[in-house]
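> Predicted structure and sequence below. I'll ask about it afterward.
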Amino acid sequence: MINPYLPLEAEVVERIQETPSIVTLRLRLTDPDARHRFYCAPGQFNMLYLYGVGEVPISIKSGPQSFLDQTLLLDHTIRAVGRVTRALVKLEPGAKLGVRGPYGRGWPLNQAQGKDVHIITGGLGCAPAVSVVHELMRQRSRYGRISVVQGVKHADDLIWRDQYEHWAKQPDTQVLLAADQANASWRWHTGMVTGLLDQLHLDTERSLAMLCGPEPMMRASAERLIELGLRPEQIWLSMERNMQCAIGHCGHCQFGAAFVCKDGPVFNYPAVRELLGTRGF
Ligand SMILES: Cc1cc2nc3c(=O)[nH]c(=O)nc-3n(C[C@H](O)[C@H](O)[C@H](O)COP(=O)(O)OP(=O)(O)OC[C@H]3O[C@@H](n4cnc5c(N)ncnc54)[C@H](O)[C@@H]3O)c2cc1C
Ligand code: FES
């Protein structure tokens, strides 16, 4: 972290149109010194600041390799849903914006060492999970089996299909995909992502699950994993809330006694289980 209050200038070096409403922006900090000092853990996020429009939290998709080899390209995959994100996805290469971060607590990679890791994501929830899969693959010998389970509403919404196919070919790696609505070329599961969890090679003693996506999907998946034998403490999930300061001062992201920006976005399931799905939280 460089200065938690001060956005650093970044330039869009590449814009990838993933679907009509989802764009990946590849950013480079313009100050080489800041580039050398920037480092983040999988699961953390940046605040992207579009001058004169506003600022939003967006997960960092780049894996740590990008930081280690000094190229430091910060990939952010953004779905246009409102005022700021609609403006962000229109940026073209050469455009400038502000970046504050990285913020929050990422995935529990230390606890995952020596364990099977099951990553279960829904919708664009796959963005914060991609960096962790890259890291697990980079340090492959430290972990047991890896499962990547991804659900989308419609088969057309699946982005990074090549990446899933590449991961499926890696040793001791299971990839399971689901779409609520299939299309003609869909050859995976049709239905909800929870319908795939029975197919996991689940060694309940040495497993850890990482969940990311809409809250009802994470709640249903966590409860199903518990029915299948995981203890709640073996489950971690990444939460989203509206944010402003991102450093635990303004209270916008409060979730019970916790601040999602500072105590999360990744939480151990027992810490959020009761409030998850409660109206008003
Ligand atoms: C830690 C974290 C990581 C995130 N990572 C990503 C990411 O990688 N890619 C991505 O596209 N989005 C991500 N988001 C969500 C993103 O921050 C919101 O979509 C964005 O703030 C919406 O701002 P807006 O001005 O475009 O929309 P607004 O005009 O503020 O709102 C448009 C609609 O989106 C809803 N909304 C606003 N903020 C959120 C939110 N935080 N979560 C859920 N719904 C919201 C509003 O209720 C409204 O219905 C993340 C959020 C958090 C907290
Ligand atoms: S965004 Fe201000 S306290 Fe979390």
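Nice, thanks for sending it over. Ligands and ions are numbered 1, 2, ... in the order given.

> where does this structure have its least confident helix or strand?
helix 65-68 (a mean of 57; mean pLDDT, DSSP states H and E).

> Quick check: what element follows it along the chain?
Along the chain past helix 65-68, the next helix or strand (assigned with DSSP states H and E) turns out to be strand 74-79.

> what mean pLDDT does the helix or strand that that next one is followed by have?
Later in the chain than strand 74-79, the nearest helix or strand by DSSP H and E is helix 83-88. For helix 83-88, mean pLDDT rounds to 96.

> From the rest of the structure, what touches the following helix or strand past helix 83-88?
As assigned by DSSP H and E, the chain's next helix or strand after helix 83-88 is strand 96-103. Contacts to strand 96-103, defined as C-beta atoms under 8 Å, 6 or more residues apart in numbering, come from residues 1, 4-12, 27, 29-30, 38-41, 44-51, 55, 57, 60, 74, 88, 91, 246-247, 261-262. Backbone N, C-alpha and C define where each C-beta goes, glycine included.

> Name the strands paired with the lengthiest strand in the chain and say parallel or antiparallel.
Assignment by DSSP state E gives strand 8-19 as the longest strand of the chain. Listed by DSSP bridges, the sheet partners of strand 8-19 and their directions read strand 22-29 (antiparallel), strand 96-103 (antiparallel).

> can you pull out the helices in the chain?
Taking DSSP state H, the helices of the chain run over residues 32-37, 65-68, 83-88, 109-112, 126-138, 161-168, 215-227, 260-263, 269-272.

> next one: the fifth one to chain centre, how far?
With C-alpha atoms, centre = their mean, to the nearest Å as the basis, the distance from the averaged C-alpha position of helix 126-138 to the chain average is 8 Å.

> oh, and call the first residue 358 from now on, that's how I've got it
Yep, numbering from 358; the last one is helix 483-495 now.

> Please save the CA atoms from that helix in PDB.
Extracted C-alpha coordinates of helix 483-495, given in PDB (Å, rounded to 0.1, in the frame of the first residue of the first chain):
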ATOM      1  CA  CYS A 483     -15.200 -15.500 -11.000                       C
ATOM      2  CA  ALA A 484     -13.100 -12.300 -11.200                       C
ATOM      3  CA  PRO A 485     -11.700 -12.300  -7.700                       C
ATOM      4  CA  ALA A 486     -11.300 -16.100  -7.900                       C
ATOM      5  CA  VAL A 487      -9.100 -16.000 -11.000                       C
ATOM      6  CA  SER A 488      -6.100 -14.500  -9.200                       C
ATOM      7  CA  VAL A 489      -6.300 -17.200  -6.600                       C
ATOM      8  CA  VAL A 490      -6.400 -20.000  -9.100                       C
ATOM      9  CA  HIS A 491      -3.400 -18.500 -10.900                       C
ATOM     10  CA  GLU A 492      -1.500 -18.400  -7.600                       C
ATOM     11  CA  LEU A 493      -2.500 -22.000  -6.700                       C
ATOM     12  CA  MET A 494      -1.300 -23.100 -10.200                       C
ATOM     13  CA  ARG A 495       2.000 -21.100  -9.800                       C
END
